[in-house]
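Trainee: Have a look at this fold, sequence not included:
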């Protein structure tokens, strides 16, 4: 098996923007992406399967087994259509991260994506009462474009590295001529502790960025609905973090 994208529905999109939110520190990206899918009633149109995911299946309450996968959803917007990439897991190897991200970019490039927004958590190592949104971009012009949204583009909190899909997608996308921005909500930094406050702040920034109207009051309810699925894969996420190469440098953000 190789990394494969199964198309469920062929779609024609207008100036689509890719928004990625996969499991990682604080599950910030995953929760934010999941809420976006739910609130905008987005429709799943493709699924990604890869041998770079852990070799196991998830058993659902109805006893149905499912291999790990990532999913693509779409939404028809007023100015830009939106593609959301979310799912159960990320790759467990460096090579896998590159393979999966290249497949995602191949797929989205054919759909006309020119801008990528990735979502995640910024590990502070302590409880953050009022999380800020930390931003990283692939082109300085994006700081001018979004500088008025209250995003900290490294002035107060410099970003050292972004490990995983959130970093690679915008980095590899730049090579293809795509603009990229990563939004990270400050969080404690424990991989198995979901942080709704950080997800809320990231969603607020994303909504302004994409000119979306969303009722964020439902976030707590959505998180409770997502918790069961998150618990089923939390061991997977812990395994991923354990498998990442150790570095002497302080890696502040994963996934």
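Mentor: Ah, there it is. Computed from a predicted structure; not experimentally measured.
Trainee: neighbours of residue 196, just the number please.
Mentor: Other residues within reach of residue 196, judged by other C-beta atoms under 10 Å, total 21. In this view, the C-beta of every residue, glycine as well, is placed from N, C-alpha and C.
Trainee: With residue 144 instead?
Mentor: Neighbours of residue 144 using other C-beta under 10 Å come to 10.
Trainee: and the one helix or strand it maps to, what's its mean pLDDT?
Mentor: Using DSSP states H and E, the secondary-structure element containing residue 144 is helix 141-146. For helix 141-146, mean pLDDT rounds to 93.
Trainee: Buried ones in it, by neighbour count?
Mentor: 142, 146 (16 or more other C-beta atoms under 10 Å).
Trainee: residue ranges of the helices in the stretch 1-150 of the chain, please?
Mentor: Ranges of helices within the stretch 1-150 of the chain are 28-39, 94-110, 141-146, based on DSSP state H, counting those that start in this stretch.
Trainee: Quick one: list the elements packing against the second one.
Mentor: The one in question is helix 94-110. Judged by 3 or more C-beta pairs under 8 Å, 6 or more residues apart in numbering; DSSP states H and E, the packing partners of helix 94-110 are strand 4-7, strand 17-20, strand 43-49, strand 70-75, helix 165-175.
Trainee: Which of those has the highest mean neighbour count?
Mentor: strand 17-20 (a mean of 26; mean count of other C-beta atoms under 10 Å).
Trainee: Okay, now the sheet partners of that strand, with direction.
Mentor: Paired strands of strand 17-20, with direction, are strand 82-87 (parallel), strand 115-123 (parallel) (DSSP bridges).
Trainee: if we look at that strand, which residues are touching it?
Mentor: Applying C-beta atoms under 8 Å, 6 or more residues apart in numbering, the external contacts of strand 17-20 come out as 29, 33, 36, 80-86, 104, 108, 113-119, 165-166, 169, 206, 210.
Trainee: With stretch 121-136 instead?
Mentor: Residues outside stretch 121-136 that contact it (C-beta under 8 Å, 6+ apart): 24-29, 143, 146, 150-154, 156-157, 159, 162, 170, 181-189, 195, 197-198, 201-202, 204-205, 252-254.
Trainee: Can you go through these and name the buried ones?
Mentor: 24-29, 146, 151-153, 159, 162, 170, 181-189, 195, 197-198, 201-202, 204-205, 252-254.
Trainee: So which of those are in helices?
Mentor: Judged by DSSP state H, the buried ones among the contacts of stretch 121-136 include 28, 29, 146, 170, 197, 198, 201, 202, 204, 205 as members of helices.
Trainee: Surely the second one touches residue 117?
Mentor: So the one you mean is residue 29. No: in this structure, residue 29 is not within contact of residue 117 by C-beta atoms under 8 Å, at 10.5 Å.
Trainee: which stretches of the stretch 1-150 of the chain aren't confidently modelled?
Mentor: Counting by pLDDT under 70, the stretch 1-150 of the chain contains no low-confidence range.
Trainee: contacting residues around residue 49?
Mentor: By C-beta under 8 Å, 6+ apart, the contact set of residue 49 is 1, 3, 4, 6, 67, 68, 69.
Trainee: What's the local residue count around the second one?
Mentor: Residue neighbour count, defined by other C-beta under 10 Å, stands at 19 for residue 3.
Trainee: Same check on the first one?
Mentor: If you count neighbours by other C-beta under 10 Å, residue 1 ends up with 7.
Trainee: Fine, thanks again, bye for now.
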